[in-house]
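Peer 1: 3D, please:
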Amino acid sequence: MCGICGYFDQAGKRQLDLKAMASSIAHRGPDDAGLYASPGLGLGHRRLSIIDLSSAGHQPMTLADGRLTIVFNGEIYNYIELRNELAGLGHRFRTKTDTEVILVAYSQWGMDCVKRFNGMWAFALWDDGKKSLFCSRDRFGVKPFYYLLKDGLFVFGSEPKAILAAMPSERRPDWGTLHQYLTRGVVMDDEHSFYESIRLLKPAHNIVVSRDGLRMSRFWDYPAPDQRDAGGLPREPAEQFKALFLDSVKLRARSDVEVGTTLSGGLDSSAIAAAFRTLFPQQRHRSYSATFEGEGYDETEYIDAMVSAYRLESTKIPQAAGNLLAELRELVWHLDSPLISPAIVPLHRVLKTARASGTIVLYDGQGADEILAGYDNQLYPPYLHSLLRGLIGSGALLDQLSEIWGALSGMTRARSLFMARYLMPWAHAWYRRAIEADAALMPDFKAMGRPVSKAVRRYTDPLDQALYLAHSKVILPGLLHYGDAVSMASSVEYRLPFMDYRLVEYAFSLPTREKIRANNTKSILRDATKGMLIDKIRLRRSKNGFSTPMRRWILESPEVLDETLSAQALGQQNIFSPKAIVAVLNKQFGTQGEQLAPYILRWVTTQIWLQECIQRSGYRHRERGSTPQIKPVLQL
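Peer 2: Numbers count the residues shown, from 1 in each chain. Prediction:
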């Protein structure tokens, strides 16, 4: 897990300040640093040492013949199996790293090598024989890859700040992205970043840059609706899911440093901890949890039950407002964007504590909700729609009717609201007007949005389609964005077992009843973990999510609003109306604040982003310990 940056000039002449680029992302890799430069080409790397802690893992890394050089961020979890396969084909290895496996795999299979990788990655590989730069990003975009192409100059980095360190004149907002964020709460669902000229390499895509230009291609896609692949595993769905899940957790345990778990007390993170203990019954395992004493969504009861049952070494991090403004400034700088969720704040504290305690690799349950229908209220309408469609041609009519009746009997107020939104798309716009969510925005800014692209229709089943959009576009990309940025802010590696592509493909092949059954979400995960996960967690029906008392914290921290949304702080910008901001805050924050709090957080962090990342880029993250000496490329 690292930070990468670099450039390629198609004319072969220009050179950028590569050292400044690498230094801007030093927090991503405090253990080592390296640069490689030749006329018109530069590759920079910051290393967080996880696999092969020796100097043999130094990057940039070059094969012995000098033809291939790489900078790589991420982990290829099946690198041992690939190395054995490549060794059988006659290749020799000089390190124990997954980085060398990528280089050798490319030399053997070319760009198709990425189809064999199971992991998370973003890398740039210079092929000196072809005089081309091959760049790739993993299937789901767990690891980021930003780039800029201007006048034949291709510049890339793990974060926009790496690009801006060399090209400060490109520090301009992308108004369309900002509009989408402030009005729809969606980020990272396409190639646009928050900076006008900086793009994101899409998940599951490759780029090849040469003197002939830039070519982009897709190497993976979600399975077709009728795709089934038993893969030699047990045919019973719960058994097959369990086998895949355990193997995913096992692969992600590969590390030369200790691996811990972020434990929320919910089903997903608890299932991971239980799987780890099943696989490694004697191994030490530490867990880190945010707690909210006195709040209705505090999960301490469930965290304690897990710690006791699985002999975990637990660290709990009580949550309070703290120095909220300073923390928000730090987070916005690391994200290079405003905050998409209040949950970023407690997660940041959990990860900082883990790092300070010596745990630098952590499992997390991210990605389960989007494949197993964990968002019970939001996904209730397409679930019910899917059941009704299933009546047509159903061979088990009574069972289907019983499931529909059970779903209808579980109608709650929250589900009713989402049903109204599902049946009447304009209902959400009415709701936003009712709570005055957009009242603070200037009329001119409201007109600056990009046309919303029509959703790709990949699945005919309504629930499958909703999950596909949640996983690929609407929800998960934003969560992965903040998960990567916040973990790297603390120099911690985040591993996500539910993001194993085999598990994702299998989940999308399953019928509705394996995802929601009898009003229980994630049915197959509950079935698969029977006897492995304690029933107190496995069978719990409550779902608190990762809630945060942001409204109360902001009220306890008046400087947050004073320094971001006051008339003086707003100044002469064209996004927010100072008069409207005051009116909305006075009218709504006291009475309907819980509903309005997420929008206020967006306004606050948008202002912080404009202050810190556009106007002055003022915040600087101090490097831990001494600065590693920047070394040249590693020649194998």
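Peer 1: So for the strand or helix carrying residue 382, what gets flagged as buried?
Peer 2: Under the assignment given by DSSP states H and E, the secondary-structure element containing residue 382 is helix 380-390. When neighbours are counted by 16 or more other CB atoms under 10 Å, the buried residues of helix 380-390 are found to be 380, 381, 382, 383, 384, 385, 386, 387, 390. Any C-beta I mention is one placed from the backbone N, CA and C, and that applies to glycine too.
Peer 1: what does that helix rub up against?
Peer 2: Applying CB atoms under 8 Å, 6 or more residues apart in numbering, the external contacts of helix 380-390 come out as 373, 400, 403-404, 407-408, 410, 415, 418-419, 421-423, 461-466, 512, 516.
Peer 1: what do you get for stretch 539-555?
Peer 2: Everything outside stretch 539-555 that qualifies as a contact, by CB under 8 Å, 6+ apart, is 264, 266-267, 290, 292, 295, 297, 299, 302, 319-321, 324, 341-343, 345-347, 374, 376, 519-521, 526, 560-561, 589, 593-594, 596-598, 600-601, 604.
Peer 1: buried subset of those residues?
Peer 2: Burial by neighbour count, judged by 16+ other CB under 10 Å, picks out 264, 266-267, 290, 292, 299, 302, 319, 321, 324, 341-343, 345-347, 374, 376, 519-521, 526, 560-561, 589, 593, 596-598, 600-601, 604 from those.
Peer 1: Surely residue 155 is in a strand?
Peer 2: Yes - if the criterion is DSSP: H, G, I helix; E, B strand; the rest coil, then residue 155 is within a strand.
Peer 1: Point to the residue nearest the middle of the protein.
Peer 2: residue 480 (0.8 Å; CA atoms, centre = their mean).
Peer 1: which ones are touching that residue?
Peer 2: Residues near residue 480 by CB under 8 Å, 6+ apart: 140, 141, 142, 188, 366.
Peer 1: Put together JSON lines for those residues, with distance to residue 455 on each row.
Peer 2: Formatted as JSON lines, the entries for the contacts of residue 480 read as follows, by distance: CB to CB, whole Å:
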{"residue": "140", "distance to residue 455": "18"}
{"residue": "141", "distance to residue 455": "18"}
{"residue": "142", "distance to residue 455": "22"}
{"residue": "188", "distance to residue 455": "16"}
{"residue": "366", "distance to residue 455": "22"}
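Peer 1: wait, which of these is closest to residue 272?
Peer 2: Taking CB to CB as the measure, residue 272 lies nearest residue 366 of those, at 10.4 Å.
Peer 1: circling back: just the buried ones among the contacts of stretch 539-555: which are in strands?
Peer 2: The members of the buried ones among the contacts of stretch 539-555 that map onto strands under DSSP state E are 290, 520, 521.
Peer 1: for those, which one is nearest residue 503?
Peer 2: For those, the closest approach to residue 503 (CB to CB) belongs to residue 521, at 16.5 Å.
Peer 1: Just list whatever residues bridge to that closest one.
Peer 2: Going by DSSP bridges, residue 521 is paired in beta bridges with residue 516.
Peer 1: What is the nearest of the buried residues of helix 380-390 to residue 33?
Peer 2: residue 382 (47.8 Å).
Peer 1: do you know how far the closest one is from residue 237?
Peer 2: For residue 382, the distance to residue 237 (CB to CB, to the nearest Å) stands at 20 Å.
Peer 1: Next: residue 485.
Peer 2: As for residue 485, its distance to residue 237 is 35 Å (criterion: CB to CB).
Peer 1: Which one's more surrounded, these two?
Peer 2: residue 485 (23 against 18; other CB atoms under 10 Å).
Peer 1: Which phi and psi values does residue 10 adopt?
Peer 2: According to degrees, to the nearest 10, the main-chain angles of residue 10 amount to phi -60, psi -20.
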